[in-house]
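S.K.: Here is a sequence with its predicted model. Questions after.
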Amino acid sequence: MPNYFFTADEHYDHTNINRYCGRPFRSVTEMNEHLIAQHNAKVTADDITFHVGDFYLGRAEGVLKIISRLNGTHWFIPGSHDKWLERKTLLTQGLAITKPLLELKMFDPHIICCHYAMRVWAKSHFNSWHVYGHSHGKLPPEGKSWDVGVDNNAFAPVSYEELVEIMKNRPDNFNLVKERRY
């Protein structure tokens, strides 16, 4: 049975991201190598990672080289810098590409994945969880939500088990329905 991981905002091959976000790397190559090492230290070949946007910003032919070095199976939720996902030549590579919002119903509660943080989301009134990126650790979470971006999580993916622990300490969603009436 696979383990599940969540991450966002890796920005592989993005030459300016270190400066924009104050990342501690001297070069994009150093950043790429560190992110790959952090990923592979946690994720095995049998695991599944949901990349919640802004995975790669570089020449389209380079993205497959990065993906091939990462352990596991990958699902890509588009973000604001994922134009590479639109390349028809990449779509034939067997990549799992989703719409901008993915509801993972196999978890209880459901997990809603979207690159952008939301105040309310599907089943938030039943305390579902929301994972997002885009804010690079600068936007405080609301209720049962969490920024899974690498800048917010020691440059590594967040496992489902880690997410369970995070959510134990998060307050209920503000719109939680305490009594269900039909």
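M.R.: All right, it came through fine. Numbers count the residues shown, from 1 in each chain.

S.K.: So His81 sits against Gly58, correct?
M.R.: No: with contact defined as C-beta atoms under 8 Å, His81 and Gly58 do not form a contacting pair (9.8 Å). Bear in mind the C-beta positions are built from the backbone N, C-alpha and C, glycine included.

S.K.: Return every residue with contacts to both of these two.
M.R.: By C-beta atoms under 8 Å, 6 or more residues apart in numbering, His81 and Gly58 have these common neighbours: His14.

S.K.: Quick check: which helices or strands does the helix or strand encompassing Trp75 pack against?
M.R.: When secondary structure is defined by DSSP states H and E, Trp75 falls within strand 73-77. Secondary-structure packing of strand 73-77 (3 or more C-beta pairs under 8 Å, 6 or more residues apart in numbering; DSSP states H and E): strand 48-52, strand 96-97, strand 101-104.

S.K.: Check those strands for me and report the most buried one.
M.R.: strand 48-52 (a mean of 24; mean count of other C-beta atoms under 10 Å).

S.K.: Following it in sequence, what is the next regular element?
M.R.: helix 60-69.

S.K.: Which of the helices and strands packed on strand 73-77 has the lowest mean pLDDT?
M.R.: Lowest mean pLDDT of the helices and strands packed on strand 73-77: strand 96-97, a mean of 77.

S.K.: Done for today, thanks.
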